[in-house]
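[1] this one's sequence-less:
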């Protein structure tokens with residue numbers, strides 16, 4: 001299930017830095033690079049165009065146009081180690097490389 005994009009929230013810069021990194025989805029054989037931006041995240045699947053993600057909580061980000069949601073692990077003061085990608089009814093796990 002996708003996060004409710006209608007509930008976009010403001011997330012501080014420290015929270016935006018936790019998810020940044022390169023993640024691997026073994027189930028689909030793809031890598032996604034996540035970068036912090038001023039007001040959200042930028043995600044890019046290897047070989048495809050990047051797309052913005054809006055914060056719906058400090059650990060959930062979504063893009064309604066692309067129809068995708070990212071639910072990052074919540075860890076105290078360390079970078080996120082994984083996320084679940086939600087798209088088209090599927091939930092695909094990704095882990096930090």
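    On my side now, so go ahead. For clarity, every value in this text was computed on a predicted model and none was experimentally measured. Numbers count the residues shown, from 1 in each chain.
[2] And the next helix or strand past the helix or strand hosting residue 34?
    Using DSSP states H and E, the element containing residue 34 is strand 30-36. Next in sequence after strand 30-36, counting helices and strands by DSSP H and E, comes strand 41-45.
[3] So what touches whichever helix or strand comes after that next one?
    Using DSSP H and E, the helix or strand that follows strand 41-45 in sequence is strand 51-55. For strand 51-55, contacts defined as Cβ atoms under 8 Å, 6 or more residues apart in numbering pick out 5, 8-11, 15-16, 34, 37, 39-44, 61-63, 65-66, 68, 70. All C-beta spots, glycine's among them, are computed from the backbone N, C-alpha and C.
[4] try it again with 7 Å
    5, 8-9, 11, 37, 40-43, 61-63, 66, 70 (Cβ atoms under 7 Å, 6 or more residues apart in numbering).
[5] how near is residue 32 to residue 97?
    Distance, residue 32 to residue 97, by Cβ to Cβ, to the nearest Å: 10 Å.
[6] remind me which residues of the protein are low pLDDT?
    For the chain, applying pLDDT under 70 flags the ranges 1-8.
[7] OK, contacts around the residue nearest the centre of the chain?
    Taking Cα atoms, centre = their mean, the centroid of the chain lies closest to residue 70, which sits 3.8 Å from it. Residues near residue 70 by Cβ under 7 Å, 6+ apart: 43, 53, 61, 83, 85.
[8] hmm, 6 Å instead?
    By Cβ atoms under 6 Å, 6 or more residues apart in numbering, the contact set of residue 70 is 61, 83, 85.
[9] Repeat that for residue 59.
    By Cβ under 6 Å, 6+ apart, the contact set of residue 59 is 72, 74.
[10] can you map out the strands along the chain?
    21-25, 30-36, 41-45, 51-55, 60-63, 68-72, 82-87, 90-96 (DSSP state E).
[11] Now tabulate the contacts of strand 51-55 in TSV and tack on distance to residue 23.
    Converted to TSV, the contacts of strand 51-55 look like this (distance: Cβ to Cβ, whole Å):
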residue	distance to residue 23
5	21
8	22
9	22
11	19
37	17
40	17
41	12
42	13
43	9
61	13
62	16
63	16
66	16
70	9
